[in-house]
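Novice: Generate coordinates for the sequence data below:
(chains A and B, ligands or ions: 1)
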Amino acid sequence: MYGYTGKYLRINLTTGKINVELLNEKNAENFIGGRGLGTKMYMDEVDPEIEPFSEDNKILFVTGPVTGISAPAGSRYMVVTKSPLSGTIASSNSGGFWGPELKFAGYDLIIVEGKSEKPVYIYINNEHVEIRDAAEYWGGLVTDVTNRIKEATDPKAKVLTIGPGGENLSLIASVMNEKDRAAGRSGVGAVMGSKNLKAIAVRGTNKVEVYDKEALMKTYKESLVKIKENGVTGSGLPTYGTAVLVNIINEAGMLPTNNFQLSQFADADDISGETLADKFLIKNTACYGCPIACGRHVRIGDGEGGGPEYETIWAFGSDLGINDLNEIILANHMCNEMGIDTISAGSTLAAAMELYQRGYIKDEELDGMKLEFGDAASMTEWMRKTGLREGFGDKIALGSYRLAESYGRSDLSMSVKKLEMPAYDPRGVQGQGLNYATSNRGGCHVRGYMISPEILSLPQALDRFETKDKPVWTKIFQDLTAAIDSLGFCLFTSFALGADDYAEFMNAATGMNFDGESILKAGERIYNLEKLYNLEAGIAPSEDTLPPRLLNDAIEVGPSKGRVHELGILLPEYYSERGWDSIGIPTEKKLKELGID
Amino acid sequence: MNVEVRLFATLRLNRFKKDFMEVAEGSTCNDIISIIGIDVNDVAILMINGIHSNLSDFIKDKDIISIFPPVGGG
Ligand code: SF4
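Specialist: As a prediction, this is how the structure comes out:
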């Protein structure tokens, strides 16, 4: 096979058996790789009703066909398993360097199954694969463990690891790679922790064979020009990173503040991408093969390291009523070291603050700590306690839904399917709200990033308050994103590239025969497969919804004043656009058309 | 009439973050942009009082005009 290595590893932590198996070409053609292929292989092997922490559950680390080849930002790999947070399929996506290195070692993916009796890590050095004792790393923080495992294996090895969050089975635990790149969402780090698997170090020195080198180089060069010439990828993202959104979203009156009680934050500029660049930025960083380099390397206290993304700044900033960017950077760093997701952690802290504000959480539960909107000083300590599940941190570690539910107020959890929703108030942006409600992993912004047309006017401007045309746009964005995630590209390339470009990369890399339309079709197939998984796993169709606050309570002040989310209007049209029945179940006809049996 | 102009990202460089301007009745966003000396090609998003608007839209007394270059994220 070309583009793919054609092989994958199956590692059983119960028996210690390690096998190399061959990739099924038909599956690769139908489900591409990454998110799609991972979901297909996971579904073929694991009972959908499995308890996520059971020994019989499996966890897959999956690259795509462009991961590690000459493709811009072909940096991605995905962690696929059942989410312990939401119970949905989890495909947690990360850039960095680990995914490409796995391909260089000769594998498209790893299936980890079983459960080790004691803490272990896996070391892959091309064809040599070992399960090693990890007793000395258990309990360790992410940076330290990454450094020590490199010392113990190969300084050039790429390391993914969980922090204490994953070890302690926090439902919002992430998998970190190269210290500050996170497969953050859906609690996948806890599934690693449940298997006593601390880390996977990979060293690879092979090249990935592609089908048509010349065609690939041509497509690569053309795409680099498009990326450089595009205002967002060529200048906006490199200069300010994703945090440039703080001011835009705030100006539009849809920057969730104090757990979505407000939609505008008076001090937004203090925590903006512009302020981050002015006061903290040391240099940009890039994932493997990325010409965009949106990453922020910043001052952190007396040291330096990975800086916060837009979503993180929102989660620890306006959503907590906090205007202190220095403290936000420290909280982000603590989450990275603990291996917990910044979006879910911040949003859960916001729910806790509202529960406290409304008198549900009492001071006696807080070990003398404060839990008030605007209190920056306690935030990093709350994150430490969450990672270690100390005191009240034990409750934050379960995510906002379970926290709010335990006080009888699950409605105060700003989540969809128990996954915390990021930084855009759906009442001010109808398409994005529809995407949140229908995303197959719950409240996720990057399953169909409707902010692009509705706020950024890309590729064309859509009126953010309108419901008309949003279902069809949302479907197309979701399908294209599923394909991009499966190919192994960073989603940010899509500001400059389109389905036809992705098809050209796919064809040059693999020798398969795609065009823009069939790329979108593959995306649709993947989207439907994920939906089927969720139904089989017991996620009721009625969970395609938003928190009641967003459906019933109009925004009180600011540019989005008077708005609620119009899901009741959007959802039936969306289902019909998808060829699903009236409650959102894929029809036989649709599944047949997509070749899903 | 008096309006508030807010600039963001690279448009702030060598200019300002926020300024109040006296402009003639019947002015459009285009007029504001040429007074400040911003190239129209550098304007990707324009809002009047937080609502997406066009260069040719008229402005009123006390309006807030927010101007952004091409930016994105996620
Ligand atoms: S655009 Fe940013 S997140 Fe995407 S690959 Fe490049 S550096 Fe990584």
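
Novice: for chain A, what are the nearby residues on chain B?
Specialist: For chain B, the residues in contact with chain A (CB under 8 Å from any CB of the partner chain) are B:6, B:8-10, B:12, B:17, B:44-45, B:47, B:49-52, B:66, B:68-74. Quick note: C-beta positions are derived from backbone N, CA and C, even for glycine.

Novice: Kindly recompute the last result at 10 Å.
Specialist: B:6-10, B:12-13, B:17-18, B:41-42, B:44-52, B:54, B:64, B:66-74 (CB under 10 Å from any CB of the partner chain).

Novice: hmm, which of the residues you listed are the buried ones?
Specialist: Among these, those buried by neighbour count (16 or more other CB atoms under 10 Å in any protein chain shown) are B:6-10, B:12, B:42, B:44-52, B:64, B:66-74.

Novice: Which ones among the residues of chain B next to chain A lie within helices?
Specialist: Among these, none falls in helices (DSSP state H).

Novice: Do a quick rundown of the helices in the stretch 401-550 of chain A.
Specialist: A:430-438, A:451-454, A:470-487, A:499-510, A:516-536, A:548-552 (DSSP state H, counting those that start in this stretch).

Novice: in the last one, what counts as buried?
Specialist: It refers to helix A:548-552. Under 16+ other CB under 10 Å, the buried positions of helix A:548-552 are A:549-551.

Novice: Quick one: mark the members of the residues of chain B next to chain A that sit in strands.
Specialist: B:6-7, B:18, B:45-48, B:51-52, B:64, B:66-68 (DSSP state E).

Novice: which one of these sits closest to chain A?
Specialist: If you rank those by distance to chain A using CB to the nearest CB, residue B:66 comes first, at 4.6 Å.

Novice: Let me see the contact set for the closest one.
Specialist: A:247-248, A:250-252, A:559, B:4-8, B:18, B:45-53 (CB atoms under 10 Å, 6 or more residues apart in numbering or on different chains).

Novice: cutoff 7 Å now
Specialist: A:251, B:6, B:8, B:47 (CB atoms under 7 Å, 6 or more residues apart in numbering or on different chains).

Novice: do stretch A:443-450 and the ligand meet at all?
Specialist: No. Applying CB under 6 Å from any ligand atom, one finds stretch A:443-450 separated from the ligand by no less than 10.7 Å.

Novice: Save the contacts of residue B:66 as a markdown table, and put in pLDDT and distance to residue A:279 too.
Specialist: A markdown table is the format used below for the contacts of residue B:66 (pLDDT from 0 to 100; distance: CB to CB, whole Å):
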| residue | pLDDT | distance to residue A:279 |
| --- | --- | --- |
| A:251 | 98 | 21 |
| B:6 | 98 | 19 |
| B:8 | 97 | 16 |
| B:47 | 98 | 25 |
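
Novice: residues contacting the residue in chain B positioned nearest to the ligand?
Specialist: In chain B, the residue that lies nearest the ligand is residue B:74 (9.1 Å; CB to the nearest ligand atom). Residues near residue B:74 by CB under 7 Å, 6+ apart: A:242, A:445-446, A:449, A:491-492.

Novice: which among those end up buried?
Specialist: A:242, A:445-446, A:449, A:491-492.

Novice: nearest to chain B, of those?
Specialist: Distances from chain B to those, taken by CB to the nearest CB, are shortest for residue A:242, at 3.2 Å.

Novice: Now do the phi/psi pair for the closest residue to that closest one other than its chain neighbours.
Specialist: Excluding the flanking residues, the one nearest residue A:242 by CB to CB, 6 or more residues apart in numbering or on different chains is residue B:73, at 3.2 Å. Backbone torsions of residue B:73, given as degrees, to the nearest 10, read phi 180, psi -150.

Novice: For residue B:73, which residues are in contact?
Specialist: Contacts of residue B:73 (CB under 7 Å, 6+ apart): A:237, A:242, A:244-245, A:310.

Novice: Most widely separated two among the buried ones among the contacts of residue B:74?
Specialist: Farthest pair in the buried ones among the contacts of residue B:74 (CB to CB) is A:445 and A:492. Separation: 12.8 Å.

Novice: State the number of residues packed around the nearest residue to residue A:403 once chain neighbours are set aside.
Specialist: Closest residue to residue A:403 apart from its sequence neighbours, by CB to CB, 6+ apart: residue A:395 at 5.1 Å. By other CB atoms under 10 Å in any protein chain shown, 21 other residues sit near residue A:395.

Novice: Now do residue A:395, the pLDDT please.
Specialist: Note on residue A:395: pLDDT of 98.

Novice: returning to what we had before: mean neighbour count, the helices of the stretch 401-550 of chain A: which tops it?
Specialist: helix A:430-438 (a mean of 29; mean count of other CB atoms under 10 Å in any protein chain shown).

Novice: what mean pLDDT would you report for that one?
Specialist: 98.

Novice: now do stretch A:375-391
Specialist: 98.

Novice: Check stretch A:151-159 too.
Specialist: Per-residue scores along stretch A:151-159 average to 98.

Novice: Of all the residues in it, which ones are buried?
Specialist: Neighbour counts over stretch A:151-159 (16+ other CB under 10 Å) mark A:153, A:157-159 as buried.

Novice: can you tell me which two in those residues are farthest apart?
Specialist: Farthest-apart pair in those is A:153 and A:158; separation 10.1 Å (CB to CB).
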